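Colleague: next input, structure requested:
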Amino acid sequence: MFRGYTGQQIHRRAFLHASAAGICGAMLTSPASAADDKPRTAKPAGGKPTEFQIACMTLPYSQFPLNRALEGIRRAGFKYVAWGTTHKDEGESVSPVVAPDAPPARAKELAARCRDMELEPLMMFSMIYPDQPEAVAVLTSRVKQAQAAGIPQVLTFGHTEGGKEELWRARFKELGPIARDHGVTIVVKQHGGSTGTGEACAKIVREVNDSGIAVNYDAGNVMDYLNVDPIPDLEKCADTIRSFCIKDHRNWPRDEDCGPGLGEIDHYRLLHQVAFTGWKMPLCCENIFAPLLGRPTDAERIDALARRAREFLETVVAGLQAGR
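Modeller: Below is the predicted model:
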């Protein structure tokens, strides 16, 4: 069972925090909330504004049928959607949005359903770690599904234990040309361990040196798993970033992920560094929930939180790019 998306994450993370010092070493920096008044990042060089594409993942609606997730995301005012990963049907059974071995036509059909609802799909989860034995086969299948669906990015990330960078490089060198040939980019994000920072992921991506492989930045994971301040970390990988998984994080009054603008991460400082790249850059909301309150059990409350996350990100982006 792929553990990267389960409710057991909270318990795993508690363990990981206890051992974070041994993993992070010299990488450990002050929390994001401890930033001083002066920006620690240079003003972006002149260039075309980044076309931020603010999307909501179906993941926050995982306890509801996929169609209800799409309806809620549309009601919350999003134009873009990201698929991931499983959803309960009208009963209690759980099904993947698109199975790893499903024919590309299945992804094409779902993309058409999204577009009929005026939602453009931007990203899909691969649901596999790059170092798993079947990773090349599954990621190749995902790339073909994404091409059929017109989805530009397939997301992967490492095991929370990290390691196996040499295998990652070998796999990505093999997968890069496949992704490019299908007009898709495989993006890798931070997920704890030795590949838990943007700097570490960017090092691998630069060594692979293939435009079919890039970095997805998850500031919440960087702060959560390793207690590393994502603002200076992003500065070390900004040139490799092609998308974001958006989640915020709080270390106080309780250690937990949350929706953007509800945690300790300054999204103005974060997105400032990639605000004028000229790229189309998906901002995919993975966590939209409020701290301390738990996850809502009614879909309408999730709709409201999704709308709040979208409006917050739209405000940040508008402010950063004002007058350009």
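Colleague: any idea whether the residue nearest the centre of the chain is helix, strand or coil?
Modeller: For the chain, Cys245 is the residue whose C-alpha lies nearest the centre (C-alpha atoms, centre = their mean; 2.2 Å). Using DSSP: H, G, I helix; E, B strand; the rest coil, the secondary structure recorded for Cys245 is strand.
Colleague: number the chain from 21, please
Modeller: Sure, I'll start numbering at 21, so the last one becomes Cys265.
Colleague: partners of Cys278 in the sheet?
Modeller: Assessed by DSSP bridges, Cys278 has beta-bridge partners Asp268.
Colleague: picking that back up, quick one: the residue nearest to the residue nearest to the centre of the chain when sequence neighbours are not counted from Phe264, how far?
Modeller: Nearest residue to Cys265, sequence neighbours excluded (C-beta to C-beta, 6 or more residues apart in numbering): Asp238, at 4.2 Å. (Each C-beta comes from the backbone N, C-alpha and C, glycine too.) From Asp238 over to Phe264 the distance is 7 Å, taken as C-beta to C-beta, to the nearest Å.
Colleague: next: Val117.
Modeller: Separation of Val117 from Phe264 (C-beta to C-beta): 20 Å.
Colleague: same question, Trp188
Modeller: To Phe264, Trp188 is 20 Å away according to C-beta to C-beta.
Colleague: the more surrounded of these two?
Modeller: Comparing Trp188 with Phe264 by other C-beta atoms under 10 Å, the one with more neighbours is Phe264, at 30 against 24.
Colleague: need the contact list for that one.
Modeller: By C-beta atoms under 8 Å, 6 or more residues apart in numbering, Phe264 lies in contact with Asn236, Tyr237, Asp238, Ala239, Met301, Pro302, Leu303, Cys304.
Colleague: I figured Ile206 hits Ile233, correct?
Modeller: Yes - the criterion here is C-beta atoms under 8 Å, and Ile206 meets it with Ile233 at 5.4 Å.
Colleague: residues in contact with both of those two, list them for me.
Modeller: Here Ile206 and Ile233 have Phe192, Leu195, Gly196, Ala199 as joint contacts, going by C-beta under 8 Å, 6+ apart.
Colleague: for His292, which non-adjacent residue is spatially closest?
Modeller: Leu340 (5.7 Å).
Colleague: angles on the backbone of that neighbour, please.
Modeller: Phi and psi for Leu340, reported as degrees, to the nearest 10, are phi -70, psi -30.
Colleague: that one: how many residues sit nearby?
Modeller: As a burial measure, Leu340 scores 22 neighbours (other C-beta under 10 Å).
Colleague: how about Leu254?
Modeller: A count of nearby residues for Leu254, using other C-beta under 10 Å, gives 26.
Colleague: which stretches of the stretch 71-220 of the chain form strands?
Modeller: Using DSSP state E, counting those that start in this stretch, the strands found in the stretch 71-220 of the chain span residues 71-77, 100-103, 106-108, 114-116, 140-145, 173-177, 205-209.
Colleague: quick one: which of those strands is nearest Pro85?
Modeller: Closest approach to Pro85 among those is made by strand 106-108 (5.8 Å; C-beta to C-beta).
Colleague: what's the closest one in contact with?
Modeller: Residues from elsewhere that reach strand 106-108 (C-beta under 8 Å, 6+ apart): 25, 78, 81-86, 89, 114-117.
Colleague: please pick the buried ones from the residues you listed.
Modeller: Among those, those classed as buried by 16 or more other C-beta atoms under 10 Å are Tyr25, Thr78, Tyr81, Ser82, Gln83, Phe84, Pro85, Leu86, Ala89, Pro116, Val117.
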